[in-house]
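# quick one, fold the following:
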Amino acid sequence: MARAAAAKPLVEPIPAARRRMSLGRRVLHWALPVYTALAVAYLLLPIAVMIIFGFNNPAGRFNFTWQGFTLANYASVFNLPALNTALTNSLIVATISTIVATALGTLIALALTRYQFRGRGPVNLLVFIPIATPEVVLGASLLAMFLAVGMARDIGTITIAHILFNISFVVVTVRARIAGYDRMLEEAAMDLGANEWTTFRKVTFPLIFPGVLAAALLAFALSIDDFVVTLFTAGQTTTFPLWVYGVSRFGVPAEVNVMGTIIFAIALVFILGYIVIQRRSAGSQATLPASIRAPEAER
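Residues are numbered from 1 along each chain as shown. Predicted structure coming up:
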């Protein structure tokens, strides 16, 4: 018996079925991260190409093949008057439409989330129509409306069109934020004597501000990037996407890649700032209810 016990191995071999199961679990464990990394690389590949070709030194008008490294494109990015005018128009339209759409969309989201009124169901449906409608149909409809009322197409009609489709995205984004915060904070503020305006200014708005900021960033990005709706409503006005489309038929200068890189860098800074604000808001929202409930626990 002693020899049999001594001959018995200290570590029993793992059965083949268990080895196959552990291998399958490892594959499943790494499948999602690998898939996510490939998806992100696929999304970022065009942006990487844009940034790289911003340093290209093309011999002709077409910036499609790599011919040498240069920094001259960044020095001359603002030396094209047509590009500067188009970018200025895009920034004006995007800024105005973002401010107006964010203000109106936030109020609509608050009304749809917190109040019951006649026609609330149809309004909920109508909000999603600009999102679900193809842009070419929306642009043609806006063109027909502007022509019917005799309105000249210029930067004003572009701004009106961008406000129209941006409101829907703002409403959807802000509603998701409003549905996720604790309304006990508002009730606690009113119990302490704050009126509705003070409660909104000091409690409600700070809590939904990350959602409002995200909606504003989304609206700005959609506005400055829009081509189809702008094409129908621009008239003789040229925006940055329309200018890029126009010059692409004769050759895209490297300054376009530089301008795209600058816009991407600015958007990235704003996104990182939004992430920081959202984390701070989440931390404060997690601690405030505990402080409010503390007096009740003492009682």
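# from here on, just use CA atoms for contacts and neighbour counts.
OK.
# quick check: end-to-end length of stretch 219-230?
Using CA to CA, to the nearest Å, one end of stretch 219-230 lies 15 Å from the other.
# what's it in contact with?
Residues outside stretch 219-230 that contact it (CA atoms under 8 Å, 6 or more residues apart in numbering) are 90-91, 93-95, 97-98, 101-102, 135-136, 138-140, 158, 161-162, 166, 169-170, 240-242.
# filter those residues down to the ones in helices?
Cross-referencing those against helices under DSSP state H gives 90-91, 93-95, 97-98, 101-102, 135-136, 138-140, 158, 161-162, 166, 169-170, 240-242.
# point out where the chain drops to low pLDDT.
Low-confidence segments of the chain, defined by pLDDT under 70, are located at 1-21, 23-24, 180, 281-299.
# let me see the domain layout of it.
Split into domains by automatic domain parsing, the chain comes to 16-53, 77-285.
# ok, G68 - how many residues close by?
Neighbour count for G68, taken as other CA atoms under 10 Å: 11.
# and it, how far from V244?
Between G68 and V244 the distance, using CA to CA, works out to 23 Å.
# L143 contacts T233, correct?
Yes: at 5.8 Å, L143 and T233 qualify as touching, with contact defined as CA atoms under 8 Å.
# the two: which is more packed in?
Under the criterion of other CA under 10 Å, the comparison of L143 against T233 puts T233 first, with 28 against 22.
# that one and I160 touch, don't they?
No: with contacts counted by CA under 8 Å, T233 stays clear of I160, the gap being 9.2 Å.
# residue nearest the centroid of this structure?
A centroid search over the chain (CA atoms, centre = their mean) returns L218, at 3.7 Å, as the residue closest to the centre.
# let me see the contact set for that one.
Applying CA under 8 Å, 6+ apart, we find L218 in contact with 169-170.
# one more time with 10 Å
Shown here is L218, whose contacts under the criterion CA atoms under 10 Å, 6 or more residues apart in numbering are 98, 102, 166, 169-170, 173, 212.
# for D191, state which of those residues is nearest.
Distance from D191 was checked for each of the contacts of L218 by CA to CA. The minimum falls on V212, at 26.2 Å.
# which SS state does the residue nearest to that closest one when sequence neighbours are not counted fall under?
Of all residues beyond its chain neighbours, the one nearest V212 is V174 (5.8 Å), with distances taken as CA to CA, 6 or more residues apart in numbering. V174 carries the three-state label helix when classified by DSSP: H, G, I helix; E, B strand; the rest coil.
# close enough to count as contact, V174 and L213?
Yes: counting by CA atoms under 10 Å, V174 touches L213, with 9.0 Å between them.
# hang on, isn't A189 packed against N195?
Yes: applying CA under 10 Å, one finds A189 in contact with N195, separated by 8.3 Å.
# where do the helices of the stretch 1-150 of the chain begin and end?
2-7, 16-53, 72-75, 81-114, 120-132, 135-148 (DSSP state H, counting those that start in this stretch).
# then the stretch 151-299 of the chain?
Listed from the start of the chain, the stretch 151-299 of the chain has helices (DSSP H, counting those that start in this stretch) covering 155-178, 184-191, 196-199, 205-225, 228-233, 240-248, 254-298.
# nearest approach to W30 belongs to which of the ones you listed?
Distance to W30, taken as CA to CA, is lowest for helix 254-298 among those, at 26.5 Å.
# give me the number of residues near the closest residue to M259 other than its chain neighbours?
Sequence neighbours aside, V77 is the residue nearest to M259 in space, at 7.0 Å (criterion: CA to CA, 6+ apart). Summarising burial for V77: neighbours were counted as other CA under 10 Å, giving 18.
# coming back round to it: show me which of the contacts of L218 are buried.
For the contacts of L218, a neighbour count by 16 or more other CA atoms under 10 Å gives the buried set as 98, 102, 166, 169-170, 173, 212.
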